[in-house]
Structures are given as C-alpha cells and as structure tokens.
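Q: Fold the following for me, if possible:
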Amino acid sequence: MPHIKKYRTQCIQRSNLRAILYSLIITLFLMLLFVNAAPLHAQDSNPYQEPEMLHIPGGTYRMGCTFEGCIARGEQIHTVSVDPFLLSKYEITFEQYDRCVDSGGCKHRPSDNGWGRGKNPVINVSWDDAQDFVHWLNKVSGKNYLLPSEEEWEYAARAGSETKYYWGNQVGANRANCTGCLKAAVRKTFNVGSFPPNQYGLYDMHGNVYEMTRNCWTDEESDAVPDYTSENCPLRVTRGGAWSSRPDVLVASNRFNVASFRRYNVIGFRVAIAIAPHGP
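A: All right, here's what the predicted structure looks like:
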C-alpha cells in the first residue's frame, strides 16, 4: 500500500508539472503572437498619406509666350483646351518618395545634397524614377496617378493669367525660390509651400525645382497630339524653373528638356489624376 500511495503522489506531481508547462507554453505563444501583431497594427493605423490633390477646372487658354521678353524655345502662341484634372498641391517631397523606396517600390534612393529631406521637394531623381513612384503610388492607392502633361502644367501654373508669373510680370521678392527672387541669397531647395500659392492653390509652380511632365520633347509646342507613350523618347519636357534659375527662366511658358535617365539637383516632379479621359 505505501508503494501505491507513493505512485499516486508521483502521478499528481507529474500532472501538475504538465499543467504548469502547458500554461507556460500557451502564455509564451500568446506573448509572441501579441509582439508580432503589434507592428502590423501600428502600420495599419499609419497608412501612407497620398499627395494632397486639388481640382483644376477644364478650359481653353493661349499656350506659349503671351508677354514680351520671352527667352526660351518653342514659345509661339497657340490655343489649347484642357479637360478637368487633379494636380498635387505641392511638389512630391522626400518624405513621400522615401516611403516608396522603403517599401521596395522605388529602386533609387536620391541624395538630398545635405539640404534636408522631409518636406523638401525630392531631387536627384530621373523621369524613369518618377515613373517608378507613380506605379507604386497607383498600387498602394488603387488610383491612376501620372505625371501632368505640359499642357496641363502650364494651364495650372497660369491659373487664368497671361502674365510671366501668376502674380504679374515683375518677379518681386520672396514670391518664389530662385536666384534673384529672394531678399537674401539662398541657393538650395526650400520646404514645399514656403511661398504664396497661385489662384488654384498650387505651390511652387515657379521655382524651387523644375517639374517633369509626361510629354516627349519636341523643338516647338504645336497643335499636334502630344506624344506621351513613345518608347523612343530620349528627352522629356520640364517646366517651372528651379532654385538655381534666373527670374526670366521661371516664366509660365518656358520649357526645357531632360534625358529620361538623368538625375539633377534642380529637377523634381508633382503628380496628376485625369478626371475626363484625354490623350493616350
């Protein structure tokens, strides 16, 4: 009988030990589950903030040099009709572009030239890099972002004006970031939105960074249907001037070109969304 009692005691002890081990295993499993779930919850509560978009009403305008003193190529006046579209309120920032790089949507992480990232407009990106960003943005948003056409860009920059700048024919002071636009000489990019917006509420349409469009470069603006999709397109159109530009370069009608693979510290971009179908 003493042997039976001892055996029962050992069984009870083993049973209690198993219960304790099971409890520890379950507790550990739940802790690991909570730890792994926490970052996902935190990520879900902090979704990607899409660019703030503004509605640009459709209309017809005189595109090209509508004022005296034009300096660039391809500035003959011609009439263009533009459908309504959405355009980003600000130039795309490092903060927005870096999120694309961190998620694997953009391959190239550009240098900020030591001027700061965050709300500064992204620089040192090519037209091809901008396409990577747009494709990634479409994937995460389910929308159809793209670069604006140069016809849309000039229409939005003018905001109903026919003057050199949306505020008039004189550059004045502290209305844009360029060489000769500021009371104090500062040769670098500024945070987006540092200067007054135009009548559509768009910031930095003049200066800060040149902005890429989706057009292929032609020697002149024309009434022909713009070429947006050609694979044989070595040069793309840029608009708006940059921090390094003279005031006469910033005017609404000026157009310049850049190779689609080139990266410069004076070029960035903003994005658009078509409302009414037009173009390819």
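Q: What spatial separation is found between residue 182 and residue 194?
A: Distance of residue 182 to residue 194, computed by Cβ to Cβ, to the nearest Å: 10 Å. (Each C-beta comes from the backbone N, C-alpha and C, glycine too.)
Q: Of those two, give the one with the bigger neighbour count.
A: residue 182 (18 against 15; other Cβ atoms under 10 Å).
Q: close enough to count as contact, that one and residue 172?
A: No: taking contacts as Cβ atoms under 8 Å, residue 182 lies outside contact range of residue 172: 10.4 Å.
Q: Run a quick neighbour tally on residue 148.
A: Neighbours of residue 148 (other Cβ under 10 Å): 29.
Q: do residue 255 as well
A: 22.
Q: before we move on, what about residue 60?
A: 10.
Q: Likewise for the one 3 residues further on?
A: Residue 63 has 22 neighbouring residues, counting by other Cβ under 10 Å.
Q: is it true that it touches residue 76?
A: No: the pair residue 63 / residue 76 is not scored as a contact, 9.3 Å apart, by Cβ under 8 Å.
Q: Can you list the buried residues in stretch 155-171?
A: Going by neighbour count (16 or more other Cβ atoms under 10 Å), the buried part of stretch 155-171 is 155, 156, 157, 158, 159, 161, 164, 165, 166, 167, 171.
Q: err, stretch 242-253, not the other one
A: 242, 243, 244, 245, 247, 248, 249, 250, 251, 252, 253.
Q: Could you check how far the second one is from residue 78?
A: Read it as residue 243. 30 Å.
Q: Also the first one?
A: As for residue 242, its distance to residue 78 is 26 Å (criterion: Cβ to Cβ).
Q: Looks to me like residue 95 is in a helix.
A: Yes: the assignment for residue 95, made by DSSP: H, G, I helix; E, B strand; the rest coil, places it in a helix.
Q: quick one, phi/psi of the residue sitting nearest the centre point of the chain?
A: By Cα atoms, centre = their mean, the mean C-alpha position of the chain lies nearest to residue 92, the distance being 2.8 Å. Backbone geometry at residue 92, expressed as degrees, to the nearest 10, gives phi -60, psi 130.
Q: I figured it hits residue 267, correct?
A: No: using Cβ under 8 Å, residue 92 is not in contact with residue 267, being 11.5 Å away.
Q: The spatially closest residue to residue 118 that is not a sequence neighbour: how many residues sit nearby?
A: Leaving out its chain neighbours, the residue that sits closest to residue 118 by Cβ to Cβ, 6 or more residues apart in numbering is residue 95, at 5.2 Å. Counted with other Cβ under 10 Å, residues neighbouring residue 95 total 14.
Q: so what pLDDT did residue 95 get?
A: At residue 95, the model reports a pLDDT of 97.
Q: With adjacent residues omitted, what lies nearest to residue 240?
A: residue 211 (4.9 Å).
Q: Repeat that for residue 190.
A: residue 177 (4.9 Å).
Q: residues contacting the one you found?
A: 186, 189, 190, 194, 195, 204, 207, 208, 243 (Cβ atoms under 8 Å, 6 or more residues apart in numbering).
Q: Roughly how far does it sit from residue 259?
A: For residue 177, the distance to residue 259 - Cβ to Cβ - is 24 Å.
Q: quick one: the residue nearest to residue 190 and residue 135, what's the gap?
A: Residue 177 is 29 Å from residue 135, by Cβ to Cβ.
Q: quick one on the thing from earlier: can you verify my assumption that the residue nearest to residue 240 contacts residue 270?
A: Yes: contact criterion Cβ under 8 Å: residue 211 and residue 270 qualify, at 5.7 Å.
Q: joint contacts of the two?
A: Common neighbours of residue 211 and residue 270 (Cβ under 8 Å, 6+ apart) are residue 91.
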